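Asks: Take this sequence and fold it.
(one chain, ligands or ions: 2)
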Amino acid sequence: MVPSASEIQQIFNRIAPVYDQFNDWLSLGQHRIWKRMTIAWSEVSPGDICLDLCCGSGDLTLLLAEEVGKTGQVFGVDFSVELLNQARQRPGKQEVITWVEGDALDLPFPDEYFDCATIGYGLRNVKDIPRCLSELHRVLKPGAKAAILDFHRPSNAIAREFQHWYLDHIVVPLAKANGLYNEYAYIFPSLDRFPIGKEQVELARAAGFAAATHYPIAQGIMGVLVVNKV
Ligand SMILES: C/C(=C\Cc1cc(O)c2ccccc2c1O)CCC[C@H](C)CCC[C@H](C)CCCC(C)C
Ligand SMILES: C[S@@+](CC[C@H](N)C(=O)[O-])C[C@H]1O[C@@H](n2cnc3c(N)ncnc32)[C@H](O)[C@@H]1O
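Replies: Ligands and ions are numbered 1, 2, ... in the order given. Model (predicted):
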């Protein structure tokens, strides 16, 4: 069964206390590299006004904040109050960041407001991917780029087998031991129905992005969709 938006919100509120620690453990620290690659693809520059959509505990938001310098601004948007609370407490360049409790499907920003944007592990979790992409397109300035990091279903059969095995035998048991079985068991079905790279490119074009490229990373277990509003 596909969870409702409020069930998704509850999943992330419940995992908030362990979210960062689990990401480090489960990815053996690799998610930090994938997030730095995402920042590079966003082409963030000093002085930019940036959006980190579905910011969660704020990894990408804090990385963007390092790049925009003193004159830039970064907005981190999420609908999980508990993850936003974690984000607010983290060390880093908080002075250029505004944390916003909001819905990725109905963004509280004017048209053409942002110079660049990121989404980390958010697109797969929203209820309406075309609408999320269309909102992203609306709030970006002409010429702006966005980089969207998420799980991906590898085309290589060995990598695909490994991904299934890892989710079933490492991720879910660790979560279960910490009373979070349902929350982490949700990752596999959400990945199973998530469009693959080629389909993501088509969705981005339909949302109005003139250019869109999907880059598989980590043997195709993850991917970054880079979109450009021309
Ligand atoms: C970054 C990670 C998870 C983010 C994440 C995303 C979600 O949508 C969730 C939904 C519900 C609960 C939690 C999450 C959530 O934490 C961690 C990802 C780890 C991966 C499962 C795979 C890591 C595999 C390897 C150890 C790296 C292999 C690299 C290689 C080159 C093959
Ligand atoms: C897996 S977490 C990713 C957090 C962070 N971006 C990262 O890379 O670690 C997915 C996030 O998407 C948020 N999310 C899902 N649907 C949303 C929506 N409609 N509006 C705002 N946030 C949403 C969740 O609350 C959660 O914080």
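Asks: In a helix, residue 74, correct?
Replies: No: assigned with DSSP: H, G, I helix; E, B strand; the rest coil, residue 74 falls outside any helix and is strand.
Asks: in the sheet, who's paired with it?
Replies: residue 50, residue 97 (DSSP bridges).
Asks: burial count for the closest residue to residue 41 other than its chain neighbours?
Replies: Nearest residue to residue 41, sequence neighbours excluded (C-beta to C-beta, 6 or more residues apart in numbering): residue 147, at 3.9 Å. Glycine gets a C-beta too; all of them are placed from N, C-alpha and C. If you count neighbours by other C-beta atoms under 10 Å, residue 147 ends up with 24.
Asks: right, and residue 147 touches residue 228 too?
Replies: No: with contacts counted by C-beta atoms under 8 Å, residue 147 stays clear of residue 228, the gap being 10.3 Å.
Asks: Isn't residue 186 up against residue 1?
Replies: No: with contact defined as C-beta under 8 Å, residue 186 and residue 1 do not form a contacting pair (10.5 Å).
Asks: just to revisit the earlier point, could you measure from the residue nearest to residue 41 over to ligand 1?
Replies: Going from residue 147 to ligand 1 by C-beta to the nearest ligand atom, to the nearest Å gives 15 Å.
Asks: So that residue, which state does it fall into?
Replies: Secondary structure, three-state DSSP: residue 147 is strand.
Asks: in stretch 169-176, what's buried?
Replies: With burial defined by 16 or more other C-beta atoms under 10 Å, the residues of stretch 169-176 counted as buried are 171, 172, 175.
Asks: Can I get that stretch in CSV, CA atoms only?
Replies: C-alpha atoms of stretch 169-176 as CSV (Å, rounded to 0.1, in the frame of the first residue of the first chain):
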residue,chain,number,x,y,z
HIS,A,169,19.7,-8.0,5.2
ILE,A,170,21.4,-4.9,6.5
VAL,A,171,19.1,-1.8,6.4
VAL,A,172,15.8,-3.4,7.6
PRO,A,173,17.4,-5.6,10.4
LEU,A,174,19.3,-2.6,11.8
ALA,A,175,16.1,-0.5,11.8
LYS,A,176,14.1,-3.4,13.3
